[in-house]
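A.B. asks: Next come a sequence and a model predicted from it.
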Amino acid sequence: MTKHYEVLDGLRGTAALAVLIFHFFEYIFPDPVNNPLRHAYLAVDFFFLLSGFVIAHAYDRRWPRMSVREFFRIRLIRLHPLVVLGVVLGLIDYLFDPFAGDAQNAGFWLIAVNVLLGALLLPAPDLPNRFNATHSLDSPAWSLMQEYAVNIVYALFARRLGVRALCVLVAISAVVLAWAGSNQAHLSVGWAWDTFWLAPVRVAYPFFAGMLLYRLGGIIPMKWGYPILSVVLLAVFMAPNSHYTGLMDAALIIFVFPLVVAAGAGSSVSGRLGSVCRFFGAISYPLYILHYPFIDIYAHWLWSGQHDPAAIWGVFAAMVVGLIGFAWAAERYFDRPVRAWLGRTGQRRAAAQSTVISPEDRQSQSAG
């Protein structure tokens, strides 16, 4: 039976919640220096490293029995239903945001192109009032596009690499990431058209480092891993801005995040704390991919007039709690049933196909 890393699930939830609050804080504290979670954009890099570790754990041993096509099908079923739901929410937000005024006055065809490309997880022309984002209707989808791209690289190429070759790839990726950091004030890049070229740089090192960590058996036994490592993540996200550079971002990704994942993989959890990890693990992906249309509405409400601090913080708190509940409902009543239906449909098609092809063709397909 495949081991399940519940503490890593919980840490993914901690990071997703930090991203949610960070995005609210971007508008409550317009100056990044004053944002208490000023570096929580690094949660995306942490997600990439977790993904590399978990993908290697889940699929490395399955390749003799699994085709590339089957891998892609599994990953699409796992990730894409919420991608589409995020685009739908983004479209509703863009068309009906009551606080946006006439700032979101794009024409029909520009919106239609964004819907179509967004549903395919492809970058689209920037919509008005969307900060030059590559995925205007649901900004966090930029990182899912990179996740898809690196999954393709894994399936077609990286899964075949031995440890030495993977070490070389990780080392080169680390150097490129450090170089990129040294030329940027920070690594909150890749989501906008002007820094789109840096998105592959952000995903390469953490994903392949996660793969390498798993293959080397990089696990650090640790007690109370979930609360301690959650505090470590929050400390990284709250690091002071004085003399801070993108190179420091790169150093945190290269040196700190692998240790956090190794310690999380070496931790066990049970009882109520285990329930907390499972809950936050379950909502982490829907919370991350679905929250941003609501952030847009909150920002436009803030900009619509003068609001007293009690209202600003009250609405913020209500929306955080509401989005956690919404993420749970989306996972429980949308994502889980849709994925189950897609899985059954794929199995039926595979079974039907297997009845009309020869054993030789079957062997060829399973090897392909």
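C.D. replies: Cool, got the structure.

A.B. asks: can you tell me the helix or strand for the closest residue to Ser268 other than its chain neighbours?
C.D. replies: Leaving aside its sequence neighbours, Ser268 sits nearest to Val7 (Cβ to Cβ, 6 or more residues apart in numbering; 7.2 Å). All C-beta spots, glycine's among them, are computed from the backbone N, C-alpha and C. Val7 belongs to helix 6-28 when elements are defined using DSSP states H and E.

A.B. asks: Show me what the mean pLDDT comes to for that helix.
C.D. replies: Averaging pLDDT along helix 6-28 gives 98.

A.B. asks: ok, then the element right after it?
C.D. replies: By DSSP H and E, the next helix or strand past helix 6-28 is helix 43-59.

A.B. asks: Going by neighbour count, which residues in that following helix are buried?
C.D. replies: Buried residues in helix 43-59, defined by neighbour count with 16 or more other Cβ atoms under 10 Å: 43-57, 59.

A.B. asks: For whatever helix or strand comes next after that helix, which helices and strands make contact with it?
C.D. replies: Helices and strands here follow DSSP H and E; after helix 43-59, the next one along the chain is helix 68-96. If you count contacts as 3 or more Cβ pairs under 8 Å, 6 or more residues apart in numbering; DSSP states H and E, helix 68-96 packs onto helix 108-119, helix 141-156, helix 271-290, helix 292-303, helix 336-354.

A.B. asks: Quick one: closest of those to Phe326.
C.D. replies: helix 271-290 (7.1 Å; Cβ to Cβ).

A.B. asks: Quick one: distance of that closest one to the chain centre.
C.D. replies: In terms of Cα atoms, centre = their mean, to the nearest Å, the centre of helix 271-290 is set 14 Å apart from its chain centre.

A.B. asks: Run the angle between that helix and helix 141-156 for me.
C.D. replies: 100 degrees (axes from the mean of the first three to the mean of the last three Cα atoms, to 10 degrees).

A.B. asks: Just the buried positions in helix 271-290, please.
C.D. replies: Quick answer for helix 271-290 (16+ other Cβ under 10 Å): 273-274, 276-290.

A.B. asks: what do you get for stretch 307-318?
C.D. replies: For stretch 307-318, a neighbour-count test (16+ other Cβ under 10 Å) marks Ile312, Phe316 as buried.

A.B. asks: Tell me, how many residues neighbour Ala112?
C.D. replies: Ala112 sits with 12 neighbouring residues when counted by other Cβ atoms under 10 Å.

A.B. asks: How about Ile297?
C.D. replies: Counted with other Cβ under 10 Å, Ile297 comes out at 17.

A.B. asks: need the contact list for the residue nearest to Ser268.
C.D. replies: Val7 is in contact with Gly225, Tyr226, Leu229, Gly264, Ala265, Ser267, Ser268, Val269, Cys277, counting by Cβ atoms under 8 Å, 6 or more residues apart in numbering.

A.B. asks: Isn't the fifth one up against Met222?
C.D. replies: No. In terms of Cβ atoms under 8 Å, Ala265 does not count as a neighbour of Met222; the distance is 9.3 Å.

A.B. asks: Perfect, I'm done here.
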